[in-house]
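A.B. asks: sequence first, then the predicted structure:
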Amino acid sequence: MQPPNGVCIAADHKGRTIRLADPTPTDEWVASVGGLMPGDVVSVDWRPAASPVPPHIEDGQWIQTTFAKRHRLTEAELVGRLSANAFAGVRKAFGTPWFSGKWGNAAFQPRTGTRSLASILARSVRAYPDDDGIKVDFVDDGHSWTRVPLQDLIVRQHQKQCRACSQRFAQLLATEFQGSEAVLRVGLAREFPIGGYQSACWMQVTHVFVTPAKRKHFV
């Protein structure tokens, strides 16, 4: 999301993905509500943005003072809900990429498209540390996607603060985020230029749910 410390927070509302976009949630705000986890059920006063800019049609305005956590779904319950509306592949969710970066990650054209967030069924997935962050490789319904940035807030926090992660981060990523089947939450970032490429909406993975669930450390 937007600097300096913006985070992307989305939810499922009656089968529709919505995003808290105006005002932009921040790391500090997330901490002020006691943190947020995948599966948290919340109530909030939200309404769609008057003129959302594709592909980010999930954006909406919300009133911070109305936000309240109610309870939390189990990981199995959450994966069940995400799977019900999941796409078989990236191309079915977002269309054909505009171009690919040097290392393979997909970029999509700004101001086009019908969504910026989707659940994707993966036939295989692995996550690993990289010089400039954490990357994910996965295979969907016939296409392979490589070096997709992982933007999972909890994993990022662990990377900075967890003693175990400081000693064996790659091993922990492989243990919890590598498998033959998974449901991925995939999003298209706000457009930005990088590495001499045109300004584009780059693909990123926000959550990895290996099935059957085995996420125990990154919680």
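C.D. replies: Cool, the structure landed. Numbering: from 1, shown residues only.
A.B. asks: name the element the closest residue to residue 108 other than its chain neighbours belongs to?
C.D. replies: Leaving aside its sequence neighbours, residue 108 sits nearest to residue 201 (Cβ to Cβ, 6 or more residues apart in numbering; 4.6 Å). Glycine gets a C-beta too; all of them are placed from N, C-alpha and C. Using DSSP states H and E, residue 201 falls within strand 201-210.
A.B. asks: neighbours of the residue nearest to residue 108, how many?
C.D. replies: When neighbours are defined as other Cβ atoms under 10 Å, residue 201 has 26 of them.
A.B. asks: look up how far residue 106 lies from it.
C.D. replies: 10 Å (Cβ to Cβ, to the nearest Å).
A.B. asks: ok, residue 122 next?
C.D. replies: For residue 122, the distance to residue 106 (Cβ to Cβ) stands at 15 Å.
A.B. asks: more crowded one of these two?
C.D. replies: residue 122 (29 against 24).
A.B. asks: measure the more buried one to residue 91 for me?
C.D. replies: As judged by Cβ to Cβ, residue 122 and residue 91 stand 13 Å apart.
A.B. asks: likewise for residue 135?
C.D. replies: Between residue 135 and residue 91 the distance is 20 Å, computed by Cβ to Cβ.
A.B. asks: and these two? which has more neighbours close in?
C.D. replies: residue 135 (21 against 15).
A.B. asks: and for the more buried one, nearest residue in space, chain neighbours not counted?
C.D. replies: Nearest residue to residue 135, sequence neighbours excluded (Cβ to Cβ, 6+ apart): residue 147, at 4.7 Å.
A.B. asks: and what of residue 215?
C.D. replies: Nearest to residue 215 is residue 176, by Cβ to Cβ, 6+ apart, at 5.2 Å.
A.B. asks: doesn't the one you found lie inside a strand?
C.D. replies: No: Residue 176: not assigned to a strand; according to DSSP: H, G, I helix; E, B strand; the rest coil it is helix.
A.B. asks: need the pLDDT of it.
C.D. replies: For residue 176, the model assigns a pLDDT of 92.
A.B. asks: that one: neighbouring residues, count only.
C.D. replies: Residue 176 has 19 nearby residues by other Cβ under 10 Å.
A.B. asks: same thing with residue 74?
C.D. replies: So residue 74, with other Cβ under 10 Å, has 10 neighbours.
A.B. asks: thinking again about what came up before, what's the strand holding residue 201 packed up against?
C.D. replies: In terms of contact count using 3 or more Cβ pairs under 8 Å, 6 or more residues apart in numbering; DSSP states H and E, strand 201-210 is assigned the packing partners helix 75-84, strand 106-108, strand 124-130, strand 133-139, strand 144-149, helix 163-177, strand 182-188.
A.B. asks: among the ones you listed, show me which one is buried the most.
C.D. replies: Highest mean neighbour count among the helices and strands packed on strand 201-210 (mean count of other Cβ atoms under 10 Å): strand 182-188, with a mean of 24.
A.B. asks: distance from it to the middle of the chain?
C.D. replies: 6 Å (Cα atoms, centre = their mean, to the nearest Å).
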